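Coordinates for the following, if possible.
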Amino acid sequence: MGVLRDIEEAIGLLEPIVATLDPETLAADDAVLLVKVFGKGERLCAAAKSLAARRVAQCGTWRDEGERSAADWLAKETGDTVGAAAKSLETAQRMAELGDIDEAFRNGELSRTQANDIASATINAPNKQKELLELAKLRNAKQLADRCREIEARALNEEARRQRLHRRRFLKTWTDDDGMFRLSGGLAPEVGAQFLACLAPFESAAFEEGRKEGRREPYAAYGADALVAMAEAAATGNGMADGRTAGRRTNVHVLIDRDALARGRARDDECVEILGVGPVAVSTVKEMMDDAFLSAVVTDGVDVFNVAHIGRKPTAHQRTALVVRDGLTCVVADCAATTNLEIDHVEEWSKTRRTTLRRLAHLCHFHHRLKTVGGFRLVGEPGRWRFLRPDGAPADGLPAA
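Have a look, this model is predicted:
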């Protein structure tokens, strides 16, 4: 087979290059280019592997090797989990129906994860392909996944989707090869939002304790400490060290269209979502109004987007509106941080003496510090922010304007 021979030769050329590659001898610009080139190569290989695996699944040759399914066979061959392999095969089967996505995948423009997300979202909403392919160019996996999930949710019946997510809830625990206790779980979005709201004060306490002790650890480590603290508080009933009640909830932010709320269900162009979690049914929001400390913003209601005042700190109204506008994520395009966000005055308050929503933005601690003491700048306007280096070059992964 000529194609197979060509591929084997290409891999053969690559093997000694990788084996002898000494990163310490690379110039910085060369290292950047290598990452980009190998990144495209990785995506091309993933696409080719997916297409070949689809054929293996069709032929049933995995049965000859004693595997219980094509996904089990693919997981064994690639080192993926069975779930990831099954998702990859499902995407490969759909690609023939999704021309533009299939072309982008074959051209190395999409990673396997991006192709999986877009294929799942557009199989019932093909008119969204162009939008998602453009969003994929930003290389922000979280933004793309969130938008894909939103589109997929709108293509399904609200109540059917809600019941499906509830049936799929799970919690698994195990011990890995290093002896680390591991857990994995899945919850319906409204339950997940309540869980995060309960966890938030424990996360803040863990972060503050780390700062006082001079520790600088990843946010994920503080999250683990917070989960243990919340479990201990629930078991003992002792609450938190600073006197707050164990399990105390902070705001769950919901954005809902006024007409959808009145009607009791949402149409395709109407928004009903828990910010930072995802789309939910209107009935879910109504139930939460009786059960949680809900901060709901109804669109077409009060114009919160132009509120201004002369104080330095944003008002509660502005804080809620900022969450609605920016979501619970850093506004820098290639940043996926969703925890310990800080509100930035795009122009220094000492110069303007006004706090307006249009000149506020969510930045993670890392990017906020770069802007405050590192000479970096945030320019533009809501929805079109650019994060620039001191020399004016883009620092957000987007092409130069």
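
Quick check: which element contains Ala52?
helix 28-59 (DSSP states H and E).

Check which residues of that helix are buried.
If you call a residue buried by 16 or more other Cβ atoms under 10 Å, then helix 28-59 has these buried ones: 43, 46-47, 49-50, 53-54, 57. All C-beta atoms are positioned from the backbone trio N, CA, C, and that covers glycine.

just the strands in the stretch 301-401 of the chain please.
Here the stretch 301-401 of the chain has its strands, by DSSP state E, counting those that start in this stretch, at 308-309, 341-345, 355-356, 360-364, 377-379, 386-388.

Same question for the stretch 101-250 of the chain.
Counting by DSSP E, counting those that start in this stretch, the strands of the stretch 101-250 of the chain are 170-175, 181-186.

Switch those strands over to JSON lines; also include mean pLDDT.
Formatted as JSON lines, the strands of the stretch 101-250 of the chain follow (pLDDT from 0 to 100):
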{"stretch": "strand 170-175", "mean pLDDT": "87"}
{"stretch": "strand 181-186", "mean pLDDT": "90"}
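
With mean neighbour count as added columns, please give those strands in JSON lines.
Compiled in JSON lines, these are given as follows (neighbours: other Cβ atoms under 10 Å):
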{"stretch": "strand 170-175", "mean neighbour count": "9"}
{"stretch": "strand 181-186", "mean neighbour count": "10"}
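
how many other residues sit next to Phe207?
21 (other Cβ atoms under 10 Å).

Quick check: Leu275 touching Leu322?
No - in this structure, Leu275 is not within contact of Leu322 by Cβ atoms under 8 Å, at 10.5 Å.

Could you count how many residues lie near Ile256?
Neighbour number of Ile256 under other Cβ under 10 Å is 22.

same question, Pro201
22.

For beta bridges, what are the partners of Val252?
Leu294 (DSSP bridges).

hmm, I was thinking of Pro394
Beta-bridge partners for Pro394, by DSSP bridges, are Leu388.

And it, how far from Trp385?
From Pro394 across to Trp385, the span is 11 Å (Cβ to Cβ, to the nearest Å).

Look at these two and report which has more neighbours.
Per other Cβ under 10 Å, whichever of Pro394 and Trp385 has more neighbours is Trp385, with 20 against 15.

The more buried one against Val331, yeah?
Yes - the pair Trp385 / Val331 is scored as a contact, 4.7 Å apart, by Cβ under 8 Å.

list residues touching both of these two?
Common contact partners of Trp385 and Val331 (Cβ atoms under 8 Å, 6 or more residues apart in numbering): 361, 378.

okay, the residue nearest the centre of the chain: pLDDT?
Geometric centre of the chain, nearest residue: Lys142, 2.5 Å, by Cα atoms, centre = their mean. What the model reports as pLDDT for Lys142 is 77.

Surely Glu273 is in a helix?
No - with DSSP: H, G, I helix; E, B strand; the rest coil as the criterion, Glu273 is located in strand rather than a helix.

Nearest residue to it in space, please, no chain neighbours.
Pro279 (4.6 Å; Cβ to Cβ, 6 or more residues apart in numbering).

Report the contact partners of the one you found.
For Pro279, the contact set (Cβ under 8 Å, 6+ apart) comprises 149-150, 153-154, 189, 272-273.

cool, Met95 as well?
50-51, 54, 101-102, 105, 115, 119.

Pull out the buried residues from the contacts of Pro279.
By 16+ other Cβ under 10 Å, the contacts of Pro279 give 149-150, 153-154, 189, 272-273 as buried.

First-to-last residue distance for stretch 376-393?
One end of stretch 376-393 to the other measures 10 Å (Cα to Cα, to the nearest Å).

Contacts for that stretch next, please.
The contact list for stretch 376-393 (Cβ under 8 Å, 6+ apart) reads 325-326, 331-333, 344, 346, 358, 361, 363, 367, 370-371, 374-375, 394-396, 398, 400-401.

how about that stretch: buried residues?
Across stretch 376-393, burial judged by 16+ other Cβ under 10 Å covers 376-378, 382, 385-388.

Assess the claim that Leu187 and His166 are in contact.
No - taking contacts as Cβ under 8 Å, Leu187 lies outside contact range of His166: 9.1 Å.

what about the two, which has more around it?
Leu187 (18 against 12).

returning to what we had before: select, out of the strands of the stretch 301-401 of the chain, the one closest to Leu34.
strand 386-388 (24.3 Å; Cβ to Cβ).

low-scoring stretches of the chain, by residue?
The chain contains residues with pLDDT under 70 at 1, 139, 156-158, 238-251, 269, 276, 289-312, 397-401.

Endpoints of stretch 257-274, how far apart?
End-to-end for stretch 257-274, by Cα to Cα: 12 Å.

brain fart, stretch 136-147
Span of stretch 136-147 from end to end, Cα to Cα: 10 Å.

which residues are contacting that stretch?
With Cβ under 8 Å, 6+ apart, stretch 136-147 has contacts from 104, 109-111, 113-114, 117-118, 121, 131-132, 135, 278, 327, 329, 333-336, 338, 397-398.

Just give the closest residue to Cys330, not the sequence neighbours.
Distances taken as Cβ to Cβ, 6+ apart put Cys364 closest to Cys330, at 4.1 Å, once the chain neighbours are dropped.

List the buried residues of stretch 258-271.
Across stretch 258-271, burial judged by 16+ other Cβ under 10 Å covers 260-261, 266, 270-271.

err, stretch 361-374, not the other one
Going by 16+ other Cβ under 10 Å, stretch 361-374 has these buried residues: 361-364, 367-368, 370-371.

Nice, that's everything, thank you.
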